[in-house]
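Colleague: no sequence for this one, just the structure:
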């Protein structure tokens, strides 16, 4: 990422030290906004519009340089693949509920993105960290053994719903094509396949790679750090979140709960009981003397 | 949008009425998720991966059908244009702060999206509503007069920062090209230009269209409802939000406030004062007898 | 609210204009934070701890002065009343889902608070606005007629669940007691009862005041502006949101959706279909020459 | 926490298994909501209103039983102490910005709560975990040594702003009083003081307990699990967040960024550069044949 510091000629030289401190406090290498000028990673925005695609723009802002066409295509395929998994996903359900509560679509989208935490949205990022460990020399078998010892899922593999995730094969085929065309190295793919094999090893049923595993391979092949794996997943899933929030909003439902009427949430707390007599409240000034 | 109801042969026919009610309560036309199957608007996801771009996927999920290539290009240009406007935008600043507070990037993105409310993210949507009114016959002059009478900004025009928004011209050029190629009608463009002219009318300085106005024209030309104008803006700006949150997170700053040290927020409340003696608290059981 | 501007002797006099501008930009009348000092509305925090209750602290921060004991009791009763309405409320359900997604309890609480929008959390605020109109001379009957003409609910009255909200009577009894003891004027209570009567007028079934109406009366009697009615409701309901998020988190559920397995959300979109052949993508550089 | 399962006589016995599954999926021990009935932890809400304070209600919902008056007072003091730390705290600054963006106060509150993550809001929770380890036998000195070895802060001690946190002493005095009156055991206080002493040990300057440490002691003495330490802090700080968001909203500022005009965020990215010629986009259908 470029870190070259640029000041426009004559800029800021007369600014007070405090003004400069405030300006530096919020300094960024991503964009320069001056009256009449918007530079994104150094490129004037008006030169980018109409010339690069949305996936290329995403790459540019996150990485600082433009991708090759092959890199952009691979990134785009991963973004296309992960947009939605239906209203049973809590991120989608919560965004749909939000859309019935009298808040804007931006707030419904915030609700959905907020739920893509370590458990619901973090498997790709965690899988990328495992791929890195394998690329650095650790064995897939030992990683699998370690997860099994603590009864943990290996992130990026298996699906509680799909016996085989339909997004796995087309994504891996594109990774292979990118390797062939020189847009990817293949080490993350090899690491992912090694994990899949180690997981299947002694099992009657395989535990095939899921969307998180397949996109983790793509993002790792493309050189993204693991944290951005989460970020890219959130960008992609935000499309489904928006589509669902909007569909729900159009239905006109108000204050939608999880269950249809007349079903009610159950209760397993104490039976009805009387409030015990409360002792007289002391003087609120209770400070020890 | 397709609303045809489909049940797979044999599906659900034996389900209890309550199961069906629960299932219907969350029914969607966007996606069907069955074991081993993900249909998006009817298309198997594995057929979409590698075949359509991210902008086309966004269109498909929001609209129900695939766009023409020209429509996809125009949508993509609008998404490319609005990704970032620097850390002085509160959505970006808040997301950068969030990234220093020990929450995931998904939560930082939620923070930023949440701030794109009626004032900070709604101008495009509001401009689309004005364009609709003009397309339906109202005059641009009367709309401008109405806004001036209540001292309100006309959404989509003018910028408190840019004398002329550098994104206006290239976006409008692409709209004109799309009209020429049959991918847009031109009525929203005409409406927007009429508004711009009416605003300039009697003024020494013009009030040119800004990014919200230019993208409002694009989204309206492409047939998106106004509410989705906001949604598309949030999708686009989420890219900048992610890039900034990630840049800040990498810096290692912890608990970043708006001002650099040692500057402190000012105070204009009462001067230091002593807490007055508090009366004895009554018995908390204060219910009237 | 006090607006007296105070500078400590000698403070800031040597600061640069830019430092002062930055400091003033974030100036507040709520708190002054200096090394070793925390003033809240002028009171040293160490003098408040142990001397005032939580409801009094809420009042102090929002209003700038301490309440009388009777005012504090009435505020406290309203805060006690609205803490929870079970997991079918979308704010609670979304927070419970959030707690299964691998984010902190603070993010689960943010999820719940975010859903308390105009529809789900705004009725109290809207009811306060109606009470103000009646206090300023409008008739309850005309307000009811106006709502009926546009088939709108009168906010604060009726409940889709409770024939009679059990929180109404004890809250109104406390308002009456506060009036008797000089801590409230009674005009908001009179306005609310007039609305209730106007609503019942010609109907077989009454439409009794609900929690939003009863707390709207309390907050209006206590002099809170309508917007803070929403804020106080969010504070109160945040208690239930926290309790439910925590209960769900303890259960160990992961990625909880709205329906129990094996129920699935229904689908009413197009049946499975093949992706049509996509036309060759043009050169991405599409800018008109 | 009570887990006794109660069904009303005759309730649900005729419900279908699917209805029961849906109901059980959302079952809770916190509240039972039936037409005309709201039970909170078994108590009818109408019996609680006017009889218990807000802090007692918080305790009841989180713990399942009512506190003693001494427990309620100690909890209340902790809630009073942590409400605000001024606009330089990112949670407060972000909420103030949010209030200028055209979203409701509930969304501004969600913004603030969302930022109280592991770093900005988690020190109390983390400190409680350390107190537990000491109570279970670990030595304070070894915990301090462990943190120093990895150059980590000991959560709950020291303050980057206050040489001595003014909230420490009055809170600890109330803990001592509670111990004397039998409402607390004293083991968490002893653990906290041991940590403070171990930290001071060989240092020229002490590293005194801060608000997070002092409230961690209180919440631990009162038997709250560490996770709820975070939750209670968020409840308390939500008061300040609301007060600040409301103050900012009243000012009428629109789209407030972190810096006052005309200051601008700095830029240290690449200097202006031309977009390189983009290669012709291939056919989008890139799937390997």
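Modeller: Looks like it arrived, so ask away. All values derive from a computational prediction rather than experimental measurement. Numbers count the residues shown, from 1 in each chain, chains lettered A, B, ... in the order given.
Colleague: contacts, neighbours, all on C-alpha from now
Modeller: Will do.
Colleague: low-confidence ranges, chain A, go.
Modeller: A:1-14, A:279-289 (pLDDT under 70).
Colleague: if we go to 90?
Modeller: A:1-20, A:22, A:159-163, A:201-206, A:261-262, A:278-289 (pLDDT under 90).
Colleague: would you map the helices across it?
Modeller: Assigned by DSSP state H, the helices in chain A fall at A:17-25, A:45-48, A:54-63, A:69-81, A:90-98, A:105-114, A:123-135, A:140-149, A:168-180, A:187-200, A:211-221, A:226-251.
Colleague: ok, which of the ones you listed comes nearest chain D?
Modeller: Chain D lies closest, by Cα to the nearest Cα, to one member of the helices of chain A: helix A:17-25, at 4.5 Å.
Colleague: who touches the closest one?
Modeller: A:12, B:259-260, C:16, C:18-19, C:22, D:259, D:263-267 (Cα atoms under 8 Å, 6 or more residues apart in numbering or on different chains).
Colleague: interface residues of the stretch 101-250 of chain A facing chain B?
Modeller: Applying Cα under 8 Å from any Cα of the partner chain, one finds that the stretch 101-250 of chain A approaches chain B through A:104-107, A:109-118, A:161-167, A:170-171, A:174, A:227-228, A:230-231, A:234-235, A:238-240, A:242-244, A:246-247.
Colleague: which of the residues you listed are close to chain C?
Modeller: With Cα under 8 Å from any Cα as the criterion, those include A:107, A:111, A:114-118 near chain C.
Colleague: now, which of those residues sits nearest residue C:199?
Modeller: residue A:107 (33.7 Å; Cα to Cα).
Colleague: for the stretch 51-200 of chain A, what lies in contact range of chain C?
Modeller: A:51-53, A:86-91, A:93-94, A:97-98, A:100-103, A:107, A:111, A:114-121.
Colleague: ok, back up a step: would you show me how to pick out the buried ones of the residues of the stretch 101-250 of chain A next to chain B in ChimeraX?
Modeller: Only the buried entries of these go into this ChimeraX selection, using 16 or more other Cα atoms under 10 Å in any protein chain shown:
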select /A:104,105,106,107,109,110,111,112,113,114,115,116,117,118,162,163,164,165,166,167,170,171,174,227,228,230,231,234,235,238,239,240,242,243,244,246,247
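Colleague: can I see the domain layout of chain A?
Modeller: A:28-66, A:79-251 (automatic domain parsing).
Colleague: so which of those domains gets nearest residue D:153?
Modeller: domain A:79-251 (23.8 Å).
Colleague: the residue lying closest to residue A:213 once chain neighbours are set aside: neighbour count?
Modeller: Once flanking residues are discounted, residue A:213 sits nearest to residue A:156: 3.7 Å by Cα to Cα, 6 or more residues apart in numbering or on different chains. For residue A:156, the tally of surrounding residues (other Cα atoms under 10 Å in any protein chain shown) stands at 28.
Colleague: can you give me the distance of residue A:156 to chain C?
Modeller: Relative to chain C, residue A:156 is positioned 15 Å away (criterion: Cα to the nearest Cα, to the nearest Å).
Colleague: for that residue, what are phi and psi?
Modeller: Taking degrees, to the nearest 10, you get phi 100, psi 0 for the backbone angles of residue A:156.
Colleague: contacts only, for it.
Modeller: A:123-124, A:126-127, A:209-214, A:216.
Colleague: list just the nearest of those residues to residue C:189.
Modeller: residue A:123 (54.2 Å).
Colleague: quick one: contacts for that closest one?
Modeller: A:155-156, A:212-213.
Colleague: what's the closest non-adjacent residue to it?
Modeller: residue A:155 (4.9 Å).
Colleague: with residue A:29 instead?
Modeller: Using Cα to Cα, 6+ apart, the closest residue to residue A:29 is residue D:269 (3.7 Å).
Colleague: tell me, how many residues neighbour the one you found?
Modeller: 24.
Colleague: that one and residue A:39: what is the separation?
Modeller: Noted for residue D:269: a distance of 9 Å to residue A:39, by Cα to Cα, to the nearest Å.
Colleague: pull up the overlap in contacts between these two.
Modeller: residue A:31.
Colleague: next one: the residue nearest to residue A:213 relative to chain B, how far apart?
Modeller: Taking Cα to the nearest Cα, one finds residue A:156 at 16 Å from chain B.
Colleague: swap in residue A:268?
Modeller: Counting by Cα to the nearest Cα, the gap from residue A:268 to chain B is 21 Å.
Colleague: let me know whether that residue touches residue D:39 as I believe.
Modeller: No - shown here, residue A:268 and residue D:39 do not form a contact pair, counting by Cα atoms under 8 Å, at 11.5 Å.
Colleague: so the two - more neighbours on which side?
Modeller: Just comparing residue A:268 and residue D:39: by other Cα under 10 Å the higher neighbour count belongs to residue D:39, 25 against 20.
Colleague: that one pairs with what?
Modeller: Beta-bridge partners recorded for residue D:39 (DSSP bridges): residue D:32, residue D:44.
Colleague: which ones are touching the residue lying closest to residue A:89 once chain neighbours are set aside?
Modeller: Residue nearest to residue A:89 in three dimensions, not counting chain neighbours: residue C:257, with 5.5 Å by Cα to Cα, 6+ apart. By Cα under 8 Å, 6+ apart, the contact set of residue C:257 is A:87-90, A:93, C:97.
Colleague: again, but for residue A:275
Modeller: Residue A:275 neighbours (Cα under 8 Å, 6+ apart): D:43, D:47-48.
Colleague: which of these are close to chain A?
Modeller: D:43, D:47-48.
Colleague: top of these by neighbour count?
Modeller: Greatest neighbour count in these, by other Cα under 10 Å, goes to residue D:48: 23 neighbours.
Colleague: how far off centre is stretch A:145-154?
Modeller: With Cα atoms, centre = their mean, to the nearest Å as the basis, stretch A:145-154 stands 23 Å off its chain's centre.
Colleague: what residues does that stretch touch?
Modeller: With Cα under 8 Å, 6+ apart as the test, stretch A:145-154 has contacts from A:127, A:144.
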